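**Student:** pasting the structure only:
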């Protein structure tokens, strides 16, 4: 289907209508936010960490190369900016709404999954020794040889959240979704062989991968944590994108499904109006009125039969 009627469906003209239709989706988003906050408040499972296990958990305690506050900036705000740029170009509120909704679902579902697994697994971070014993003096249970931490409780709590990597999962959830979105918008798979488009497509994924690398370099995560986080974020981003948009190699891959559903319903409605008008003219020419069978015939072809019947009755009055 060709790209048609750009600028006909803007935030001003159709924004409220679209949001109302998806009100429950937005409420679920708020619920996901609450769940994720609660998951960060509860105490994670404290896995047994024996004295002999500390040899692999004595990496230095370092600051984050990518701070926590920066994660939503590049994984949410940057994709939002690009989505808004496409909106100002196309003026299509259906694309804007579903792209934003899909992006937020992608990062929030990923966040809930990641934090739930973190709390359930309780894997110690590579720098756990220095979190547990900031003075460098290990204290262990005299029988089980389990650790008896003497450090700050909040630091220790964070030390039990190694698997999987939240930075990495959020990065791939946001940047992976952006890659899907760009693939559809710039028509990467249009079979014209423009490899430069692929380079644009891989940039967000490269950025997400580099974020994952910093988590290992900073000794906040094991490589398995980063790998699993990337898989979780990528899978969720894929599902959330394809929920609203066609595959990028589809001929209609540049717009959400609902856009074409709206066009189909409107074309059907216009066709029904023309059919009803033609039927009314024929009845006027013959001097007859609408029979029940005529009404049923017209009604069966309408997306909104009540509206159409009102139009037919109005034609009879005139």
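**Tutor:** Received it, and whenever you're ready, just let me know what you need. Just so it is clear, the model here is predicted, and its values are computed rather than measured.
**Student:** dump the residue contacts of residue 172.
**Tutor:** Contacts for residue 172 (C-beta atoms under 8 Å, 6 or more residues apart in numbering) come out as 110, 205, 208, 229, 230, 232, 233, 234, 237. C-betas here are computed from N, CA, C, even on glycine.
**Student:** Give me the subset of these lying in helices.
**Tutor:** Among the contacts of residue 172, the members falling in helices (DSSP state H) are 110, 205, 208, 229, 230, 232, 233, 234, 237.
**Student:** And the fourth one, how far from residue 134?
**Tutor:** Looking back up the chat, that one is residue 229. According to C-beta to C-beta, to the nearest Å, residue 229 stands 27 Å off from residue 134.
**Student:** the more surrounded of those two?
**Tutor:** residue 229 (31 against 15; other C-beta atoms under 10 Å).
**Student:** which ones are touching the more buried one?
**Tutor:** Applying C-beta under 8 Å, 6+ apart to residue 229 gives the contacts 114, 164, 165, 166, 167, 168, 169, 172, 212, 221.
**Student:** By neighbours, which of those wins?
**Tutor:** Tallying neighbours with other C-beta under 10 Å puts residue 169 at the head of the contacts of residue 229, with 35 neighbours.
**Student:** Hmm, residue 230 and it touching each other?
**Tutor:** Yes: using C-beta atoms under 8 Å, residue 169 is in contact with residue 230, at 7.1 Å.
**Student:** Any regions of the stretch 201-318 of the chain where pLDDT drops low?
**Tutor:** Across the stretch 201-318 of the chain, the ranges flagged by pLDDT under 70 are 264-318.
**Student:** need the helices for it, in chain order.
**Tutor:** Counting by DSSP state H, counting those that start in this stretch, the segments of the stretch 201-318 of the chain that form helices are 223-244, 257-286, 292-300, 305-317.
**Student:** Adding distance to residue 27, write the ones in helices among the contacts of residue 172 out as JSON lines.
**Tutor:** Formatted as JSON lines, those follow (distance: C-beta to C-beta, whole Å):
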{"residue": "110", "distance to residue 27": "19"}
{"residue": "205", "distance to residue 27": "31"}
{"residue": "208", "distance to residue 27": "29"}
{"residue": "229", "distance to residue 27": "28"}
{"residue": "230", "distance to residue 27": "30"}
{"residue": "232", "distance to residue 27": "24"}
{"residue": "233", "distance to residue 27": "24"}
{"residue": "234", "distance to residue 27": "27"}
{"residue": "237", "distance to residue 27": "22"}
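**Student:** and the closest residue to residue 161 other than its chain neighbours, what is it in contact with?
**Tutor:** Take residue 161 and drop its neighbours on the chain: the residue closest to it by C-beta to C-beta, 6 or more residues apart in numbering is residue 118, 4.3 Å away. Counting by C-beta under 8 Å, 6+ apart, residue 118 touches 39, 44, 161, 162, 163, 164, 166.
**Student:** By neighbour count, which of the residues you listed wins?
**Tutor:** Among the contacts of residue 118, residue 164 has the most neighbours (other C-beta under 10 Å), with 27 neighbours.
**Student:** Max pairwise distance over the contacts of residue 118: which two?
**Tutor:** Greatest spacing in the contacts of residue 118, by C-beta to C-beta: 39 and 162 (15.4 Å).
**Student:** Which residue ranges of the chain form strands?
**Tutor:** Taking DSSP state E as the criterion, the chain carries no strands.
**Student:** Would you mind splitting it into its domains for me?
**Tutor:** Following automatic domain parsing, the chain resolves into domains at 11-44+62-124+164-253, 260-317.
**Student:** most packed of the ones you listed?
**Tutor:** domain 11-44+62-124+164-253 (a mean of 18; mean count of other C-beta atoms under 10 Å).
**Student:** got TSV for the domains of the chain, with distance to residue 142 too?
**Tutor:** Below are the domains of the chain laid out as TSV (distance: least, C-beta to C-beta, whole Å):
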stretch	distance to residue 142
domain 11-44+62-124+164-253	21
domain 260-317	69
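**Student:** Residue 177 versus residue 73, what's the distance?
**Tutor:** 15 Å.
**Student:** Mark which of the contacts of residue 229 are part of helices, please.
**Tutor:** Using DSSP H, the contacts of residue 229 in helices are 114, 166, 167, 168, 169, 172, 212.
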